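Participant: using only what follows, build the 3D model:
(one chain, ligands or ions: 1)
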Amino acid sequence: MTDTAPPIIEVRDLHFAYGKRPVLRGVNLRVPKGKVTAILGASGSGKTTLLQLVAGSLKPQRGTVEVFGKAVHELPQEALYALRRQIGMMFQRGGLFTDLSVFDNIAFPMREHTSLPEDVMRDLVIMKLHAVGLRGVHKQLPAELSGGMARRVALARATALDPDLMIFDEPFAGLDPITLNVICNLIRTLNDALGSTSVVVTYDVNEALKLADYLFVIGDGVIKGEGPTEAMLASEDPYVRQFLHAEPDGPVPFHMPARRIADELGLPC
Ligand SMILES: Nc1ncnc2c1ncn2[C@@H]1O[C@H](COP(=O)(O)OP(=O)(O)OP(=O)(O)O)[C@@H](O)[C@H]1O
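Facilitator: Predicted coordinates:
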């Protein structure tokens, strides 16, 4: 990466295992300021685990994770809490509070982290909903929304505090093509309008290629390739090429590690 501005996220030699099962085995990654960065990888490659390490909810066994120049795994609870205030997160299924209205879902981070007066907060919530085209649904409960609308509300909630960094874990999962485009455009628009930095973790190659300025491909616990989207599309690296062009044959494994099928089925050889 040629960008000289300090990165928003810097991960060095990151190792993480669940018990004895290694997931990350020396990840190195720098997320540039102001850009949309996508981290692509097959299901189970450790993308969500990496995000949890970035958010400080898991601790590395080796290596460092810095966000805004601070080592998140070394921060005391209160400092970690303050750092998370600068990060807007949207999880795979939106993660809305089912018993709170749309309005209260978006107001939630404002109530948690600020002492804004109710009337100011109301205007802010309405503006956030307006940005995702859903001002009209503020009284509804999440269960009354379509999946795509719920995802847009979650997006509005992720921007509630005008975060410096937005993190999206599989924002496109389970969406129809039109809604998928809407979410894709919104992530870009909101990133640019807020002057934020966005990280999108996904296995959805097509959307990542449309949306991201910079790509990382993760596999076998390491970064297999990285670069500006155009350059990655032209990459001759066998792993990157197979993954980005969805080629059926190549080094990307289809099977999770397991016993031999013959052993599993109790066959003689
Ligand atoms: N809490 C946990 N305890 C034990 N193993 C886990 C735990 N969470 C995840 N794993 C395992 O770690 C590996 C990486 O999981 P992770 O969810 O980070 O992958 P992912 O790339 O985000 O996958 P997906 O795209 O399917 O969500 C997987 O093999 C998963 O089964």
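
Participant: contacts and neighbour counts: CA atoms only from here.
Facilitator: Will do.

Participant: and the contacts of the helix or strand hosting Leu190?
Facilitator: Following DSSP states H and E, the helix or strand that holds Leu190 is helix 177-194. Helix 177-194 is contacted by residues 34-36, 132, 148, 151-152, 155, 162-163, 166, 171-172, 196-198, 207, 211 when judged by Cα atoms under 8 Å, 6 or more residues apart in numbering.

Participant: now with 10 Å, please.
Facilitator: Contact with helix 177-194 is made by 34-36, 131-133, 147-149, 151-152, 155-156, 159, 162-166, 168, 171-175, 195-200, 207-208, 210-212, as judged by Cα atoms under 10 Å, 6 or more residues apart in numbering.

Participant: let me know whether Met89 touches Glu170 as I believe.
Facilitator: No. Contact criterion Cα atoms under 10 Å: Met89 and Glu170 do not qualify, at 11.2 Å.

Participant: quick check: the residue of the stretch 151-269 of the chain nearest the ligand.
Facilitator: Closest to the ligand within the stretch 151-269 of the chain is Tyr203: 6.2 Å, counting by Cα to the nearest ligand atom.

Participant: got the contact list for that residue?
Facilitator: Contacts for Tyr203 (Cα under 10 Å, 6+ apart) come out as 38-45, 47, 169-170, 172-173, 217, 243-244.

Participant: and stretch 88-98, how far out from the chain middle?
Facilitator: 11 Å (Cα atoms, centre = their mean, to the nearest Å).

Participant: what residues does the protein have near the ligand?
Facilitator: Neighbours of the ligand within the chain, by Cα under 6 Å from any ligand atom: Tyr18, Val23, Ala42, Ser43, Gly44, Ser45, Gly46, Lys47, Thr48, Thr49.

Participant: so where's the stretch 51-200 of the chain uncertain?
Facilitator: 93-94 (pLDDT under 70).

Participant: how about the helices in it?
Facilitator: 77-85, 102-113, 118-131, 147-158, 177-194 (DSSP state H, counting those that start in this stretch).

Participant: want to throw the ones you listed into a markdown table with mean neighbour count?
Facilitator: Below are those laid out as a markdown table (neighbours: other Cα atoms under 10 Å):
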| stretch | mean neighbour count |
| --- | --- |
| helix 77-85 | 14 |
| helix 102-113 | 20 |
| helix 118-131 | 16 |
| helix 147-158 | 24 |
| helix 177-194 | 16 |
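
Participant: okay if I get the ones you listed as JSON lines plus distance to Arg62?
Facilitator: As requested, these are exported to JSON lines (distance: least, Cα to Cα, whole Å):
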{"stretch": "helix 77-85", "distance to Arg62": "19"}
{"stretch": "helix 102-113", "distance to Arg62": "32"}
{"stretch": "helix 118-131", "distance to Arg62": "39"}
{"stretch": "helix 147-158", "distance to Arg62": "30"}
{"stretch": "helix 177-194", "distance to Arg62": "31"}
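
Participant: of all the ones you listed, which one comes closest to Val54?
Facilitator: helix 77-85 (10.1 Å; Cα to Cα).

Participant: please, where are all the strands along the protein?
Facilitator: With strands called from DSSP state E, the chain shows them at 9-18, 21-31, 36-41, 62-67, 70-71, 87-90, 165-169, 197-202, 214-219, 222-228.

Participant: Serialize those to TSV and add fields for mean neighbour count.
Facilitator: TSV is the format used below for the strands of the chain (neighbours: other Cα under 10 Å):
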stretch	mean neighbour count
strand 9-18	18
strand 21-31	18
strand 36-41	26
strand 62-67	20
strand 70-71	17
strand 87-90	23
strand 165-169	23
strand 197-202	25
strand 214-219	24
strand 222-228	18
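
Participant: can you tell me which of those is nearest to Phe103?
Facilitator: Once the strands of the chain are compared by Cα to Cα, strand 87-90 is nearest, at 16.6 Å.

Participant: can I assume Glu236 is in contact with Phe243?
Facilitator: No. Contact criterion Cα under 10 Å: Glu236 and Phe243 do not qualify, at 11.5 Å.

Participant: give me the neighbour count for Ala55.
Facilitator: 22 (other Cα atoms under 10 Å).

Participant: understood, closing this out.
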